[in-house]
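Visitor: Provide a 3D model corresponding to the input given below.
(one chain, ligands or ions: 1)
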Amino acid sequence: MRTATWRVFRSRRPVARLDRMNPLHFTKMHGLGNDFVVVDGVRQSVALTPEQVRRIADRHFGVGCDQLLLVEAAGTPGVDFRYRIFNADGGEVEQCGNGARCFARFVREQGLTDKREIVVETAGGVIVLTVEADDAVTVDMGVPRLEPAAIPFVAEARAPVYGLDADGERFEVGAVSMGNPHVVLTVPDVDSAPVATLGPRLEAHPRFPKRVNVGFMQVVDRGHVRLRVFERGAGETLACGTGACAAVVAGRVQGRLDATVTVELRGGRLRVHWEGEGQPVLMTGPATRVFEGTLAP
Ligand SMILES: N[C@@H](CCC[C@H](N)C(=O)O)C(=O)O
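Guide: Numbering: from 1, shown residues only. The predicted model follows:
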């Protein structure tokens, strides 16, 4: 069997060829409508330039996805795989919660492992995925970071709520790192929240030096929120797993939520559990395979 060679783009130097001699096999998946092109970088040598990622993610000229996920062999003892995440804009980022659940399903269905508990390293830290009896996946997303420097967020000291000025308006926000940066606004009605206008303004706010994912949360009751997320590098998605975790953490530190919360996103529901300070966030939800394909332009 021919092994496709896609060069690694850690530096700008090598440029991968996208041609018929080097087909790229992929699986299209989604977690509650947050959709992914998942690529096996264990059995094929894969590297993509940011421009190639943008082309694959393009919904008109490519396959279409919010994120491209690249599965690689682990580099650390005790870790099963490495998992890299690329936003639709081509940028590599630290963490992706819905992607992690799809990743778990992918490695099992592709025969890369038969484990039900899978330890994965990401640029945002090590996470542990558990495939439940009903095939839902629980992700131990690790301990959230609330210190401004860890998010990163420019603020003098940690606080449950920060004032954030944008275009002459002041917003009350929570800020959380789930491995990747999140800002969370509480809104009275998520359906009428200004996601398309305020989302991009806050995504690029100068107080978030690595840009930020922007969550709009409506608290229905102490165990139920509705959430929309304008994702860094992808725009509004139908669901954001790390966004759901960040919203629950922000809501908990503000005293509005209980430890177990149903997060209702446009694409469906996640269950998020967080005991509190120093404890990991657990997120449970589905992972769906849509189709397999080969890219050989
Ligand atoms: N959709 C993801 C998050 C993907 C990365 C994010 N856009 C970022 O730039 O940090 C999720 O389910 O968590």
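Visitor: Alongside the ligand, which residues does this structure contribute?
Guide: Contacts of the chain with the ligand, taken as Cβ under 6 Å from any ligand atom, map to 34, 66-67, 85, 87, 93, 96-99, 180, 213, 231-234, 237, 240-242. The C-beta positions use only the backbone N, C-alpha and C, and glycine is treated the same way.
Visitor: if you set the cut-off to 5 Å instead, what comes out?
Guide: Neighbours of the ligand within the chain, by Cβ under 5 Å from any ligand atom: 34, 93, 96-98, 180, 231-233, 240-242.
Visitor: and the residues you listed, which of them are in strands?
Guide: In strands, judged by DSSP state E, the following of those are found: 34, 93, 231.
Visitor: nearest residue to Gly251 other than its sequence neighbours?
Guide: Of all residues beyond its chain neighbours, the one nearest Gly251 is Leu257 (3.9 Å), with distances taken as Cβ to Cβ, 6 or more residues apart in numbering.
Visitor: tell me the pLDDT at that neighbour?
Guide: Turning to Leu257, the model gives it a pLDDT of 98.
Visitor: what does Asn22 give?
Guide: What the model reports for Asn22 is a pLDDT of 78.
Visitor: Check Gly243 too.
Guide: On the pLDDT scale, Gly243 is placed at 98.
Visitor: who are the neighbours in contact with the closest residue to it other than its chain neighbours?
Guide: Spatially, and ignoring its direct neighbours in sequence, Gly243 is nearest to Val229 (3.7 Å; Cβ to Cβ, 6+ apart). The neighbourhood of Val229, defined by Cβ atoms under 8 Å, 6 or more residues apart in numbering, consists of 213-216, 236-237, 239-240, 243, 265.
Visitor: So which bits of the host helix or strand of Val229 are buried?
Guide: Assigned by DSSP states H and E, Val229 falls within strand 224-231. Taking 16 or more other Cβ atoms under 10 Å as the basis for neighbour counts, the residues of strand 224-231 that come out buried are 225-231.
Visitor: Let me know the closest of those to Asp40.
Guide: Nearest to Asp40 out of the buried residues of strand 224-231 is Glu231 (Cβ to Cβ; 24.2 Å).
Visitor: Can you tell me how far the closest residue to Val154 other than its chain neighbours is from the ligand?
Guide: In this structure, Val154 finds its nearest non-sequential neighbour in Arg207, 4.2 Å apart by Cβ to Cβ, 6+ apart. When Cβ to the nearest ligand atom, to the nearest Å is applied, the distance between Arg207 and the ligand equals 16 Å.
Visitor: Could you report the neighbour count for Arg207?
Guide: Using other Cβ atoms under 10 Å as the criterion, Arg207 is surrounded by 19 other residues.
Visitor: Going along the chain, name the helices of the stretch 51-200 of the chain.
Guide: Listed in chain order, the helices of the stretch 51-200 of the chain (DSSP state H, counting those that start in this stretch) span 97-109, 195-203.
Visitor: I'd like those helices written out as TSV, with mean neighbour count and mean pLDDT added.
Guide: Output for the helices of the stretch 51-200 of the chain, formatted as TSV (neighbours: other Cβ atoms under 10 Å; pLDDT from 0 to 100):
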stretch	mean neighbour count	mean pLDDT
helix 97-109	25	98
helix 195-203	17	98
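Visitor: circling back to that earlier point, strand partners (parallel or antiparallel) of the strand holding Val229?
Guide: strand 213-221 (antiparallel), strand 235-237 (antiparallel), strand 260-265 (parallel) (DSSP bridges).
Visitor: Next, format the ones you listed as JSON lines and append mean neighbour count.
Guide: Conversion of the strands paired with strand 224-231 to JSON lines gives the following (neighbours: other Cβ atoms under 10 Å):
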{"stretch": "strand 213-221", "mean neighbour count": "23"}
{"stretch": "strand 235-237", "mean neighbour count": "20"}
{"stretch": "strand 260-265", "mean neighbour count": "22"}
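Visitor: May I see these arranged in a markdown table, with mean pLDDT and distance to Glu121 as well?
Guide: Written out in a markdown table, the entries for the strands paired with strand 224-231 read as follows (pLDDT from 0 to 100; distance: least, Cβ to Cβ, whole Å):
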| stretch | mean pLDDT | distance to Glu121 |
| --- | --- | --- |
| strand 213-221 | 98 | 21 |
| strand 235-237 | 98 | 24 |
| strand 260-265 | 98 | 25 |
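Visitor: That's all I had, so thanks and see you.
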